[in-house]
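# Okay, here's the prediction I keep looking at, along with the sequence it came from:
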Amino acid sequence: MTESETTEVDDQQIHIAVEGCCHGELDKIYESVVALSADQGVQIELLIICGDFQSVRNENDLACLACPPKYRAMNTFYKYYTGEKVVPVLTLFIGGNHEASNYLVELPYGGWVAPKIYYLGFAGVVRYRGLVISGISGIHKERDYNLGHHEFPPFDQNTMRSVYHIRSLDVFRLLQYKGHVDVFFSHDWPLGIYKFGNTNALLRKKPFFRDEIDSDSLGSMPNLAILRGLKPAYYFAAHLHVKFTAIYPHQSIDPGASERPVNPILEDVQVTRFMALDKVIPGRPFLQLVSLPCPDPAEPRGVLKYDLEWLQILKATDALNSILKSRVQLPKAPLADHLTNTKINMGGDLGIGPEHFERTAPAYEGGYFDKNARQPTLVVNPYTAWFCSKLGIKNTVAEYYNLVECGFIKPTSDPELESQLESSFNSSNDSSIVDLNTSGDSSINPSEIDLDSEESVGDGSFTEPTQTSSQLPSEVEDDETVSIEVSQPTEQDNAILERLTSALDEDRSTDLAVNVENTGHSGPKKFKRRNTATCE
């Protein structure tokens, strides 16, 4: 982003914009980020998008978007893909449940989808000027949770949806991460997070969430496991098309849990500040400015870096990776020696070089487009090939491609052939395996909504253990009195919340609702301040 006389450049702060559901509205989002930067007089260095990005390059990509054809739109990502438009700020995103999944499948470990736009992969950890940023793509569907990533284009009606379902291996990998995490983001919410914010205000905005809240099923259990395991300072999400803030106090919930390294952003206060954001609609709060202390001011702006420990985890768990529609067998115990026994040689300073971006499909050229175009075939992305070779792990995309070329696997799901191959790719009968998914099966998934739907979207598969900590209201409408039932806090809860209140008074982010006129000119028109608590 260009600097101006009205833009403050502060080496001690990193100003980040966080956006909810993208739905392909990159022009509106980027124009809003530029306006937000000017309005606040700061240089926004990084944009984080919490899913439904829709990296559609052409008609064939559009055919892989899981929504009815009449709702498919080309939007403008292809212009950033070709360089016709310049990305104004480094952008980092994860996948949601409305994606051009054929393109994202090319980059299972992440990669550049366009100049200055980086996809984090199925799950990942990267660094930006010392900040540790982690995330996971997709939403939870129980019946697919323990399977391998077996979906590749062309998709059928089942795999077009299961391709964006979270897998237990990706959760397992994230839970092996031992360092502190400053920012985590996902598409869906963690299960039960609504208990730690203003539930009544949430229900006034989305009354159809009542059934999921009453049954303790609103949100994702895998995301809750990640929240509890990684204990990030900040957690951002989208998916439910509403702004919501909460404060999750780890020490009062998990008093016996092992301590993670002290987080420099929150010092010794063990909480996670959660915020969910809306989709890009006029007058809705879809964009948030967050200013964080910069852990390494000497690091250059605009440069993403690999996280060494995450690379070690990927390499140490490579044998668990599967392209089959069969159960992935995970170890019972966490990884014990991945930091000492796994050698990594990525070269240089671990910078994720933008030179690795390479177009792998032609771009839309304007004019008429066919909403019923055929899906493309699988492409082996050169970056994925380079990354896997450099790290010394298998390239599952190339592995699948070669099996299809040799006739061992059909392009669509073939249970008979997968059964024949299972012994050679996933032959472990080790008794030390364990299933991370402890719930019963479910045949429904209300989370998979149409793009134009505002129906209830809870997962409906898990029951959150009873909480005994107090619920902290975090968002109150103007001139409204909110009544929330609060369980009796313990002395430990009171001590933590007292320290937390003191910390919040000293460090508050700017909370803005961005209004974008839905007219021929899609740029931001004004910024309206709201009397709401922020995600601190």
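Perfect, I can see it now.

# switch to C-alpha atoms for all contacts and neighbour counts from now on
OK.

# Quote the end-to-end distance of stretch 102-114.
Terminal residues of stretch 102-114 are spaced 15 Å apart (CA to CA, to the nearest Å).

# I would like the residues contacting that stretch, please.
55, 61, 64, 80-82, 95, 118-124, 152-154, 354, 356-357, 376, 378-381, 383-384, 397 (CA atoms under 8 Å, 6 or more residues apart in numbering).

# If we use 7 Å, what do you get?
Identification of contacts with stretch 102-114 by CA atoms under 7 Å, 6 or more residues apart in numbering yields 61, 64, 80-81, 118-122, 152-153, 357, 379-381, 384, 397.

# swap in stretch 184-197?
Contacts of stretch 184-197 with the rest of the structure, by CA under 7 Å, 6+ apart, involve 50-51, 94, 96, 133-139, 216-221, 223-224, 232, 234-239, 245-248, 464, 471-474.

# Mind checking which of these land in helices?
If you go by DSSP state H, those have 221, 223-224 in helices.

# Please enumerate the helices of the stretch 101-250 of the chain.
Using DSSP state H, counting those that start in this stretch, the helices of the stretch 101-250 of the chain run over 101-105, 159-162, 168-175, 199-205, 210-214, 221-230, 250-253.

# Least confident of those, on average?
Among the helices of the stretch 101-250 of the chain, helix 250-253 carries the lowest mean pLDDT, at a mean of 63.

# list the buried ones in the next helix or strand after that helix?
For helix 250-253, the following helix or strand on the C-terminal side (DSSP states H and E) is strand 271-276. Neighbour-count burial for strand 271-276, counted by 16 or more other CA atoms under 10 Å, picks out 271-276.

# How much space separates Gly96 from His150?
For Gly96 relative to His150 (CA to CA), the value is 18 Å.

# who's more crowded, these two?
Gly96 (27 against 19; other CA atoms under 10 Å).

# how about the strands in the stretch 101-250 of the chain?
With strands called from DSSP state E, counting those that start in this stretch, the stretch 101-250 of the chain shows them at 111-114, 117-119, 123-128, 131-136, 183-185, 234-237, 244-249.

# now stretch 286-295: how far from the chain's centre is it?
Remark: stretch 286-295 is offset 16 Å from the chain centroid, using CA atoms, centre = their mean, to the nearest Å.

# Distance check, the residue nearest to the spatial centre of the chain against Met275.
Note on the chain: the residue nearest the mean C-alpha position is Ser186, at 3.0 Å, using CA atoms, centre = their mean. For Ser186, the distance to Met275 equals 11 Å [CA to CA].

# Report the set of residues contacting both of the two.
Counting by CA under 7 Å, 6+ apart, the residues touching both Ser186 and Met275 are 236-237.

# For the ones in helices among the contacts of stretch 184-197, give me a markdown table that also has distance to Gln329 and neighbour count.
Shown next, in a markdown table, are the ones in helices among the contacts of stretch 184-197 (distance: CA to CA, whole Å; neighbours: other CA atoms under 10 Å):
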| residue | distance to Gln329 | neighbour count |
| --- | --- | --- |
| Met221 | 19 | 24 |
| Asn223 | 20 | 23 |
| Leu224 | 21 | 17 |
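
# from the residues you listed, which is closest to Asn200?
Leu224 (21.2 Å; CA to CA).

# that older thread, mind picking the two most distant members of the buried residues of strand 271-276?
Val271 and Ala276 (16.3 Å).

# so how far is Val163 from the residue nearest to Asn223 when sequence neighbours are not counted?
Leaving out its chain neighbours, the residue that sits closest to Asn223 by CA to CA, 6 or more residues apart in numbering is Pro190, at 4.6 Å. Pro190 sits 20 Å away from Val163, going by CA to CA.

# hang on, the earlier thing: for the residue nearest to the centre of the chain, give me phi and psi.
Backbone torsions for Ser186, taken as degrees, to the nearest 10, come to phi -140, psi 170.

# I'd like the numbering to begin with 223 instead of 1 from here.
Sure thing, new numbering starts at 223, so read that last one as Ser408.

# For Pro556, see how far away it is.
Here the criterion is CA to CA. By it, Ser408 lies 23 Å from Pro556.

# With Ile415 instead?
Going from Ile415 to Pro556 by CA to CA gives 26 Å.

# The two: which has the busier surroundings?
Ile415 (22 against 13).

# any idea which helix or strand of this structure has the worst average confidence?
Each helix and strand of the chain was given a mean pLDDT (mean pLDDT, DSSP states H and E); the minimum falls on strand 655-656 at a mean of 32.

# So Phe591: helix, strand or coil?
coil (DSSP: H, G, I helix; E, B strand; the rest coil).

# so where is the chain shaky, pLDDT-wise?
223-231, 474-491, 560-564, 634-758 (pLDDT under 70).

# if we go to 50?
In the predicted model, the chain carries pLDDT under 50 at residues 223-228, 475-479, 490, 635-712, 714-758.

# now do the same end-to-end measure for stretch 492-507.
27 Å.

# Give me the distance between that stretch and the centre of its chain.
13 Å.

# Can you select the buried ones from the contacts of stretch 406-419 in PyMOL?
The buried residues among these can be selected in PyMOL (16+ other CA under 10 Å) with this line:
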select buried, resi 272+273+316+318+355+356+357+358+359+360+361+438+439+440+441+442+443+445+446+454+456+457+458+459+460+461+467+468+469+470+686+693+694+695+696
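
# ok, Leu499 - contacts?
Applying CA under 7 Å, 6+ apart to Leu499 gives the contacts 241-242, 459-460, 463-466, 507-509.

# quick one: which of those residues is most hemmed in?
Counting by other CA under 10 Å, top hit in these: Gly242 with 31 neighbours.

# how close does it sit to Ser384?
In terms of CA to CA, Gly242 sits 22 Å off from Ser384.
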